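1. Give me the fold of what follows.
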Amino acid sequence: MKKINILQLYLIVFIILSGIGTTLVLLRDDSIPPYYFMLPYLPMFFTIGSMIFINVYMNLHKSMIFPIIIGTYYIRMVISPMLLKLAYYETSNINTDVYENMDKAIIMMIYEFVLVFVIISILIKKYYTKNNSTLLDPEFIVKKFELGHNKILISLLLIFILSCFIVYPEIRYNYRFLILSSQEDVRTWTINYLMARKQIPPLVFYLSTWAIEILRPIIVLGIILFIRNRVSVKSKPPFYCLFISTIIIVLNSLISTDNTALNLFLTISLFFILLLLYQDYKKRILAQLFVLISFVGGLGLFAISSNAGTSNVFYNLSNTIQAYFGGPVNFATALSIHKNNVLSVFFADNLQAIPLFKTFFVDMTNITLLFNQTRSINFMYVSQIIPASGQAYYYFGYVLSPIFSCLAVYLSIKNEYKSKVADNFTKKFIGNFLAIFMACIPVLYNYTIALSVILTYALPIYLILKFFPRQSKIREDVR
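-> Here you go, the predicted structure:
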């Protein structure tokens, strides 16, 4: 039997005890509504699953995505039910008709969880064996990072962006500091952002935003590789090189569009490049990354829940978790959508995920519109995301409902493996980004969002970086 380090043991014990505790609290709650009769089964099956799929926890140190998958499912299946109880099982702006499908929804959530972890357990044997489980290569050679012929493309994009800012300075309102000081700042930024979208031609607005978001990670990646290249690879790099690189990554992450999550994923991917460049400072980098994720995630949840319009903290948090982590209410809503013109909705979801081209299909009815109309009172539109399994259920039915989640987990593991064995930093960066993003799909996102992010950001960044004639190579004999 494989050895379990002390941190893994503490994590397993905490998850099992908290899962058992939540289950008992819900089972003994006489005030639980009839439609939430099966709610205690969520933490119960998560706890049982954690004991059955113990091999996933035993391989935590080999993967950056396992903590993401375990953590998001833990929030969905343990934290969310407890918050529902503390919020007296109330949900804001909800069409009570969806509660009729609550039992089926909870069974679907358990069904998805089991299949996802079965797939992870199977893939562990293939991708996390002793021979290919090293996260970082022990030695590497950093060659000069050159843009080559792509200097022309990147220069043209920079000229285009600069021209847009000169002609339409309102474009700056598409960006904000990730951490704003007050609700008034958020309100002011939102007003300025909406006004900018009206004043700037749509094509210019979206093209400039797209170009900036494509170039930002490329430029930051080039800078941190350039800094590391200033020091001989045969000697330990000075701490100030790591410090400067960290500051550049953090400053870049603090300036964001309304797509804050994507910005965070790219930032995490850049931190993993730092892990490879500065292996002597691995613990410091991991500590910095943990603090950044905890701070941004905690602050984001607090800010969203505090703006919910009520003083009940648990009610606000419960609604926030339900919305962002696909809780039982959102699964029940997905099951309540009337299936009309499924093929038309499927095409709309795919066409509207294609960058720029999607503007020709904005009037088509998509799954997000149907989901929010079904969920809200009097069919008012609210911007919530249908869970990945809920979307698959609408297309393919109950049995195949976990297909998107299972596919996302497979691609996440596959990309993490590709990143580990990659021979240059470009492939490692893209592999890390896709692995992290895909690991979030089952709980946080869905198929349409995944397709949109890949086509809009991941693919263009990869294509630009791929054709660099010379890149930072990792020595063949130690790869």
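
2. In terms of secondary structure, what does the strand or helix carrying Tyr240 contact?
-> Under the assignment given by DSSP states H and E, the secondary-structure element containing Tyr240 is helix 239-254. Helix 239-254 sits against helix 202-229, helix 260-277, helix 282-306, with contacts defined as 3 or more Cβ pairs under 8 Å, 6 or more residues apart in numbering; DSSP states H and E. Yep, even glycine has a C-beta here, placed from its N, CA and C like the rest.

3. State the next helix or strand along the chain beyond the last one.
-> Put plainly, it is helix 282-306. Using DSSP H and E, the helix or strand that follows helix 282-306 in sequence is helix 313-324.

4. what comes up buried for that next one?
-> Of the residues in helix 313-324, those with enough neighbours to count as buried (16 or more other Cβ atoms under 10 Å) are 314-324.

5. Among those residues, which one lies nearest to Leu86?
-> Of all the buried residues of helix 313-324, Phe314 has the smallest distance to Leu86: 3.8 Å, by Cβ to Cβ.

6. follow-up on the earlier one: mean pLDDT and distance to Phe396 for the helices and strands packed on helix 239-254 - can I get that in CSV?
-> Formatted as CSV, the helices and strands packed on helix 239-254 follow (pLDDT from 0 to 100; distance: least, Cβ to Cβ, whole Å):
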stretch, mean pLDDT, distance to Phe396
helix 202-229, 84, 32
helix 260-277, 81, 26
helix 282-306, 68, 32
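
7. most packed of these?
-> Stretch with highest mean neighbour count among the helices and strands packed on helix 239-254: helix 260-277 (a mean of 22; mean count of other Cβ atoms under 10 Å).

8. Can you tell me the closest non-neighbouring residue to Leu11?
-> Tyr57 (6.7 Å; Cβ to Cβ, 6 or more residues apart in numbering).

9. go on, Phe357?
-> Leu351 (7.2 Å).

10. what's around that neighbour, how many residues?
-> 15 (other Cβ atoms under 10 Å).

11. re the thing from before, now render the helices and strands packed on helix 239-254 as JSON lines, adding distance to Ile171.
-> Supplementary listing: these in JSON lines, determined by distance: least, Cβ to Cβ, whole Å:
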{"stretch": "helix 202-229", "distance to Ile171": "6"}
{"stretch": "helix 260-277", "distance to Ile171": "17"}
{"stretch": "helix 282-306", "distance to Ile171": "24"}
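
12. wait, doesn't the residue nearest to Leu11 sit right on Gln8?
-> Yes: with contacts defined as Cβ atoms under 8 Å, Tyr57 counts as touching Gln8 at a distance of 5.9 Å.

13. circling back: among the helices and strands packed on helix 239-254, which is nearest Leu84?
-> Counting by Cβ to Cβ, Leu84 lies closest to helix 282-306 out of these; the figure is 14.1 Å.

14. host element of the nearest residue to Thr426 once chain neighbours are set aside?
-> Of all residues not flanking Thr426 in the chain, Leu465 sits nearest, at 4.1 Å (Cβ to Cβ, 6+ apart). Per DSSP H and E, Leu465 falls inside helix 459-466.

15. Just the mean pLDDT for that helix, thanks.
-> Mean pLDDT, helix 459-466: 80.

16. Need the contact partners of that helix.
-> Among residues not part of helix 459-466, those counted as contacts by Cβ atoms under 8 Å, 6 or more residues apart in numbering are 150, 153-154, 210, 214, 217-218, 221, 426, 429-430, 471.

17. from those, which is closest to Phe271?
-> Proximity of those to Phe271 (Cβ to Cβ) peaks at Phe429, which lies at 10.7 Å.

18. quick one: contacts for the closest one?
-> Shown in contact with Phe429 (Cβ under 8 Å, 6+ apart): 217, 221, 269-270, 273, 465.

19. Let me see the ranges of the helices in the stretch 101-250 of the chain.
-> 102-127, 150-167, 183-199, 202-229, 239-254 (DSSP state H, counting those that start in this stretch).

20. By mean pLDDT, show me the worst of those helices.
-> Least confident of the helices of the stretch 101-250 of the chain, judged by mean pLDDT, is helix 183-199 with a mean of 75.

21. what angle sits between that helix and helix 202-229?
-> 120 degrees (axes from the mean of the first three to the mean of the last three Cα atoms, to 10 degrees).

22. Fine, thanks again, bye for now.
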